[in-house]
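# from the sequence below, what's the structure:
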Amino acid sequence: MAHIQLHEGLPGIRGLLVFSPATAQPLCDLVETLLRGPNTLTLAEREMIATYVSAQNDCYYCQTSHGSTAAQHLGGGSADYELIGQMKHDCETAPLTDKMKALLAIAGKVQKGGKYVITEDVERARSHGAADKEIHDTVLIAAVFCMANRYVDGLDTWQPRDPELYVEIGRQTAALGYVARDWKRPLPMAASK
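Now for the predicted structure:
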């Protein structure tokens, strides 16, 4: 049961967005820009950064919904979901590019605290081809998702455990993004539970 009265049947941040429309719009605009705006990092890579940080923060809703969105951007097959699972548990041994591993290492340090990121981390990312904009966006995505994870967990939102629900969340988010959404509309599977 959430710490505040939220719209029933809306998991995770969805209930919070409906509860507070004044803060929902700027939050959605920021996430849309970071995860879907023009960038040299792919949609999947940016969702992977959000997923990794959310997993490090142990935010079930965020790591599972963004992990599903990342998998959908990769193609949506079982191997894509397996890759996301591997990445969440050990990004250094997951079959990712060296650049992505270096960026996830930076994101993981931001999750602990911004001052954990050191020059060597940035040099590692650059040595594998990361541009300054990619490093900047990695840090900002990590910071924003630390905030989002604390928002979702700090108010004890409903975070269902049905994996199929998160597949649907990933499909919808990959297709629709974060701004042009009716957050009040329950997910088909959530409505029946």
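# contacts and neighbour counts: CA atoms only from here.
OK.
# any weak-confidence spans in this structure?
188-193 (pLDDT under 70).
# for it, just list every one of the helices.
13-19, 21-36, 43-56, 60-74, 78-89, 98-112, 119-127, 132-154, 163-176, 188-191 (DSSP state H).
# need the ones you listed in TSV with distance to Ile4 and mean neighbour count, can you?
Below are the helices of the chain laid out as TSV (distance: least, Cα to Cα, whole Å; neighbours: other Cα atoms under 10 Å):
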stretch	distance to Ile4	mean neighbour count
helix 13-19	9	20
helix 21-36	15	16
helix 43-56	22	25
helix 60-74	17	26
helix 78-89	30	18
helix 98-112	26	22
helix 119-127	40	15
helix 132-154	10	19
helix 163-176	23	18
helix 188-191	20	12
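# can you add distance to Asp182 and give those helices back as a markdown table?
Formatted as a markdown table, those follow (distance: least, Cα to Cα, whole Å):
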| stretch | distance to Asp182 |
| --- | --- |
| helix 13-19 | 9 |
| helix 21-36 | 11 |
| helix 43-56 | 21 |
| helix 60-74 | 17 |
| helix 78-89 | 26 |
| helix 98-112 | 30 |
| helix 119-127 | 38 |
| helix 132-154 | 19 |
| helix 163-176 | 10 |
| helix 188-191 | 13 |
